[in-house]
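Chemist: need a structure here:
(chains A and B)
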Amino acid sequence: MPPIIDVRELTKSYRVHKKREGLMESVRGLFHREYTDVQAVRGINLEVEQGEFVAFLGPNGAGKTTTLKLLSGVINPTSGQATVMGFTPWERRNEYRRRFALVMGQKNQLWWDLPAQESYRLHQQIYGVPPDQFKATLNELTELLDVTRLLGQPVRELSLGERMKMELIAALLHSPDVLFLDEPTIGLDVIAQHNIQQFLRYYQEKRKITVLLTSHYMKDVAALCKRVVIVAGGLVQYDGSLAGIIDKFSGNKVVTLQFGVGDRPSDLSRLGTLLDTNWPKVRISIARAEIPRVLAEALRDYTIEDVSVEDPPLEDVIADLFHQVA
Amino acid sequence: MQLASDQSASKHGDFTSGIHLPNTLPRRLMTWWMVMRIALEERLAYRGDFALGTLMRFLPIITQIFLWGAVFSSLGDDSSTGKKLGGYNFPDMVAYFLLTMIARAFSSMPGLAGGIASQIRQGEIKRYLIQPVDLVGFLLLSRVAHKLAYYFVAAVPFAFVFFLCRGYFADGFPSAHLFIAFVGSLVMGFLLGFFLEATIGMIGFWFLEVSSLLFIFMLFSFFLSGHMFPLTLLPEGVLTIVNFLPFKYLAYFPAAIFLGKIPDDELPTELAIEAGWVAFFIIACRVMYSRGVKRYSGYGG
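Modeler: As a prediction, this is how the structure comes out:
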């Protein structure tokens, strides 16, 4: 079976109007415009199998959203190819558009002044969902997300978390085979985030749909995705498991030493990079290969009451990685 | 118009999929009905605004009656005989304004062009690229729904105002064939107004902000549609040019038909030209939309 999403050497550059500061420059801009090309995506290759739940990570402006827009056919690429379920997204064929959905955490597609159920009925018609299937799906989704009582309330009166749930339902009513989620939990509190994560995991496992998710919350990613694709500078920098990121990009571990009361040695930097000192605890970053030797040394030279060796926090590793690429 | 279509994608059958109904005519009608219902409900969400907007439309007619009353009396007219301006005496003039009010209830499209441009600017247009929905068809149906709601609410006050002003219709009700032409010109006026403004809205794909452009259009439309005065008041040279423009079908033309001011032998030609303009703007709107989407998807998004 061919991959459900197949992206080859996809590039997208935008032409943006260069605006200089100041009134005179603005006036000049009326007659003579300067444009610069911004390369949002520089050559992405990606294969996703049916039923995968893939996370797109990357700093702001890395090209994640641009890639999702390309795959949902909102924009045309500058060069390269992509197929989703065998369709070229930017041909925008109805057969394709009926089989995927895009949810953007910062945009809403429900009618603002109407209860969500009215938007849902319209979706039913637009997507041609048979009435009994529509009813069953809607019941299932509203119960899973615990929003049945909110169906009749104008969307503008809902909280951000409630609205996001309603958006998700709208996107899933036509049972899409491929789902693109662009920061679905942005701005939500911890509980709402957790609810949406649980729902997404349950739904994806049950329906075996293919999901591409972008998020800045590592918790979303850790909870949902076995596979992580790191995009930065418009290129894929990493494609693999979440745990693999640490192995690949961090050669160090964090060693925490707890000293005896009153024992404050000042020559600890010879062991490794001091991260922070919070007597009696000290955290030191040490190259992985060096750990047995350094630990033996430390235990020999100081009075140490407790030791722990951990991987550095994933957020830190990824932040470092983003930093390097930028 | 195809709002939602369906063809089974057998060559892509490797992947699981929800069931979709085939796009039969009843289902398409059902979709249209749903779009209209939503548009209507949305319009009625703000009942006060809707009611006020509906009733306020009647205010200008009062000023018009006073204005033209003053104009004709300064010409030494005792308001029932004699003097004519551009072929209209005072009662004709009042009847004319009442009729243009009806014509504009069909052809005016408040917020259409600006709405399209703001949807482009704010990125809401994406919905129509992602979902299997056609923007122009969707807007047209919404507008039909809004208009129907308006007529429903405005029918009573309209009837009341016409009843009060019945004395100004000197020739009474027009003959059947004129009335049919009148209704036809109203319907085409609606389509012309819609596609003309939608075309202007599509300019938003290139300029993002169309409000100045729209203002200029409104200004021209105000004078050249006959909204301000019967076009026959214009100097001959100007009138010749205005006759070649589409504006007059938005207000002047239906009113003039009703009042019997269009000679019978010219009427079919005029209606045909109006139909031509409608066709022209349907095509223009479509072409602009598809080019605009290409540009949007090429540069922005």
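
Chemist: list the contacts for residue B:85?
Modeler: Going by C-beta atoms under 8 Å, 6 or more residues apart in numbering or on different chains, residue B:85 touches B:71, B:72, B:75, B:93, B:230, B:233. For every residue, glycine as well, the C-beta is placed using N, CA and C.

Chemist: How about the fourth one: what's its closest non-neighbour residue?
Modeler: Right, the one you point to is residue B:93. Distances taken as C-beta to C-beta, 6 or more residues apart in numbering or on different chains put residue B:68 closest to residue B:93, at 4.7 Å, once the chain neighbours are dropped.

Chemist: Find the residue at the geometric middle of chain B.
Modeler: Closest residue to the average C-alpha location of chain B: residue B:107 at 2.0 Å, with C-alpha atoms, centre = their mean.

Chemist: Who are the contact partners of that residue?
Modeler: Residue B:107 neighbours (C-beta under 8 Å, 6+ apart): B:189, B:190, B:192, B:193, B:225, B:249, B:250, B:251.

Chemist: which one of those sits closest to residue B:155?
Modeler: residue B:190 (16.3 Å; C-beta to C-beta).

Chemist: so who does the nearest residue to that closest one once chain neighbours are set aside touch?
Modeler: Excluding the flanking residues, the one nearest residue B:190 by C-beta to C-beta, 6+ apart is residue B:106, at 4.3 Å. By C-beta under 8 Å, 6+ apart, the residues touching residue B:106 are B:147, B:186, B:187, B:189, B:190, B:193, B:254.

Chemist: can you pull the buried residues of stretch B:36-56?
Modeler: B:36, B:37, B:38, B:39, B:40, B:41, B:42, B:43, B:50, B:54 (16 or more other C-beta atoms under 10 Å in any protein chain shown).

Chemist: filter those down to the ones near chain A?
Modeler: When C-beta under 8 Å from any C-beta of the partner chain is applied, the members of the buried residues of stretch B:36-56 adjacent to chain A are B:37, B:38, B:41, B:42.

Chemist: Tell me the secondary structure of residue A:231, please.
Modeler: Secondary structure state of residue A:231, per DSSP: H, G, I helix; E, B strand; the rest coil, is strand.

Chemist: my guess is it meets residue A:66, correct?
Modeler: No: using C-beta atoms under 8 Å, residue A:231 is not in contact with residue A:66; the gap is 9.4 Å.

Chemist: intersection of neighbour lists for those two?
Modeler: By C-beta under 8 Å, 6+ apart, no residue touches both residue A:231 and residue A:66.

Chemist: Tell me, how many residues neighbour the residue nearest to residue B:93?
Modeler: 20 (other C-beta atoms under 10 Å in any protein chain shown).

Chemist: list the contacts for the nearest residue to the residue nearest to the centre of chain B once chain neighbours are set aside?
Modeler: The shortest distance from residue B:107 to any non-neighbouring residue, by C-beta to C-beta, 6+ apart, is to residue B:193 (3.6 Å). By C-beta under 8 Å, 6+ apart, residue B:193 lies in contact with B:106, B:107, B:108, B:109, B:250.

Chemist: what's the answer for residue A:322, then?
Modeler: Contact analysis of residue A:322 by C-beta under 8 Å, 6+ apart lists A:58, A:59, A:62, A:232.

Chemist: quick one: residue A:73 from chain B, how far?
Modeler: As judged by C-beta to the nearest C-beta, to the nearest Å, residue A:73 and chain B stand 6 Å apart.

Chemist: Which part of chain A gets nearest to chain B, residue-wise?
Modeler: Minimum separation of chain A from chain B (C-beta to the nearest C-beta) falls at residue A:175, amounting to 2.9 Å.
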